[in-house]
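S.K.: Give me a model of this one.
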Amino acid sequence: MAASLNCFAVSAGNSSPAPLPYPTACSPQAWAATTPILLVTGLMRYDAHVSQGGVWVDPALPASFGDVHITNAPVAGGRIIIDISNSAASVNGLPEQLTFHRGHGPWITELVEQADRRRKGGIDAAV
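M.R.: Okay, the predicted model is just below:
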């Protein structure tokens, strides 16, 4: 059985002899659960674009973070390992069709333009 953290509310005008449960404070929020993951991936500047054939990492981690080691990260049907030490990134286990790039990934405007060109004229995304 999982342990639960409970929160109670007490009001000065409360006629109840015991505190009342305050359930919304106890309910996990989806955005709160993903916040640590989004923080780390944002600071890693991790950007995977399978359609572009690459994974980009351009870390901007504070020194207080120390080294970062992420295992079993899903990408393109496989699992990769990401290591960051002294703001230098390495990626191991990439599927064959992907290439690791140091630096920022394609800008969203570039991706939209490529998708528009493909839709209009069948131009390959690698152009």
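
S.K.: List the contacts of the residue nearest to V50 when sequence neighbours are not counted.
M.R.: Excluding its sequence neighbours, the residue lying closest to V50 (CB to CB, 6 or more residues apart in numbering) is A76, at 4.8 Å. Backbone N, C-alpha and C define where each C-beta goes, glycine included. Contact partners of A76, counting by CB atoms under 8 Å, 6 or more residues apart in numbering, are 48, 50, 95, 97-98.

S.K.: Which residue ranges of the protein form helices?
M.R.: Secondary structure of the chain (DSSP state H): helices at 23-26, 30-44, 108-121.

S.K.: can you put those in a markdown table and add mean neighbour count?
M.R.: Below are those laid out as a markdown table (neighbours: other CB atoms under 10 Å):
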| stretch | mean neighbour count |
| --- | --- |
| helix 23-26 | 10 |
| helix 30-44 | 11 |
| helix 108-121 | 11 |
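
S.K.: Could you double-check that A48 sits in contact with V57?
M.R.: No. Applying CB atoms under 8 Å as the test, A48 and V57 come out as separate, 9.3 Å apart.

S.K.: These two - which one has more neighbours?
M.R.: Per other CB atoms under 10 Å, whichever of A48 and V57 has more neighbours is V57, with 23 against 19.

S.K.: how far away is that one from H69?
M.R.: 13 Å (CB to CB, to the nearest Å).

S.K.: Kindly report the same for A33.
M.R.: Distance from A33 to H69, counting by CB to CB: 22 Å.
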